[in-house]
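**Q** here's my sequence, what's the structure:
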Amino acid sequence: MIDASHLSQFLVASILIIMVPGPSVLFTLARGVAWGRVVAVLTVFGNSLGTLLLSLVVAFGLGPLLARSTILAVALQLCGGTYLLYLGIDALRHRHEHALAMTKREEVRPPSVKIIQQGFVVGVLNPKSLIFFAAVFPHFVDRHQGHITLQLVTLGVLFSAMALCSDSTWGLIAGTARAWLSESASRLVRLRTIGGGVMCALGVVILTSALSS
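**A** Numbers count the residues shown, from 1 in each chain. This next block holds a predicted model:
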C-alpha cells in the first residue's frame, strides 16, 4: 500500500489542486451563480462520478506499466509537472474571459436527473482530467511497495472524495452568494489568478522532484 510519506504529499497536493479555482471549480461556480445551491451540488455529484471513472481507467491502464518501468514513471512525472504549468499559465491568460462568462444568470432549471447526467458527462469526457490523472498520480506512487494498480485506485478514490466535498462547498458558496458574485467579474478574476498561481507552483515542484530522482 501507499506509505505515510507519499500519502501525506498526495493529500496536500490534492487539497491545493482541488480547492483552487480550476476548471471543475469554475464549472461549479457557474452552475451556482446560474441556478443556485441545489443545482451546483447535483452537478458536483455527477462530475465526481465521472472523475472517479476516469481515475479507475487510468489506474488499471497504467498500474502494470509503472510496475515494470522506472523510465516511464519519471517521464510521467515530467509530463505532469509540465501539464500543471500549462494549466496555471492558461488560467492566468484567460482569467478575464472565464470570469465574464460566469456572470451570466439563467432562470429555467433543468430536472435533477439531467443535472447529474450533465455533470457526469462533463467529468468523464474531460480530456484534461484523464491527462492529469495519468501524468500526476504516478508521482505519488511508491514502486517499492508494490501493488501499483491498487495504489492508483486508492489515490483516485481519495481524490474524487475530496473533490466532491470541496467542489460542493464552492457550489454552496456560489449559490448563496449569487448576487454578490455576478455583480463583479473582478472577484472571479482574483479567484482565477490565485488558482493559476498555485497550479504553476505545484508544476514546478513536481518537475524539480522528477529531475532530481
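**Q** nearest residue to F10 other than its sequence neighbours?
**A** What sits nearest to F10 in space, not counting adjacent residues and going by Cβ to Cβ, 6 or more residues apart in numbering, is F140, at 4.0 Å. (Each C-beta comes from the backbone N, C-alpha and C, glycine too.)
**Q** surely the one you found touches G156?
**A** No - between F140 and G156 there is no contact under Cβ atoms under 8 Å: 11.2 Å.
**Q** next secondary structure after the worst-scoring helix or strand of the chain on mean pLDDT?
**A** Counting by mean pLDDT, DSSP states H and E, the chain has its least confident helix or strand at helix 178-183, which shows a mean of 62. Using DSSP states H and E, the helix or strand that follows helix 178-183 towards the C-terminus is helix 185-212.
**Q** can you give the distance of that following helix from its chain's centre?
**A** The chain centre lies 13 Å from the centre of helix 185-212; the measure is Cα atoms, centre = their mean, to the nearest Å.
**Q** and that helix, average pLDDT?
**A** Per-residue pLDDT over helix 185-212 has a mean of 74.
**Q** skipping adjacent residues, who's closest to A134 in space?
**A** A134's closest residue in space is V58 (Cβ to Cβ, 6+ apart), at 5.0 Å.
**Q** how close does the one you found get to A163?
**A** V58 is 15 Å from A163, where distance means Cβ to Cβ, to the nearest Å.
**Q** re earlier: spit out the contact partners of the residue nearest to F10.
**A** Contacts here follow Cβ atoms under 8 Å, 6 or more residues apart in numbering; on that basis F140 touches 2, 6-7, 9-10, 13, 155.
**Q** neighbours of W170, just the number please.
**A** A count of nearby residues for W170, using other Cβ atoms under 10 Å, gives 24.
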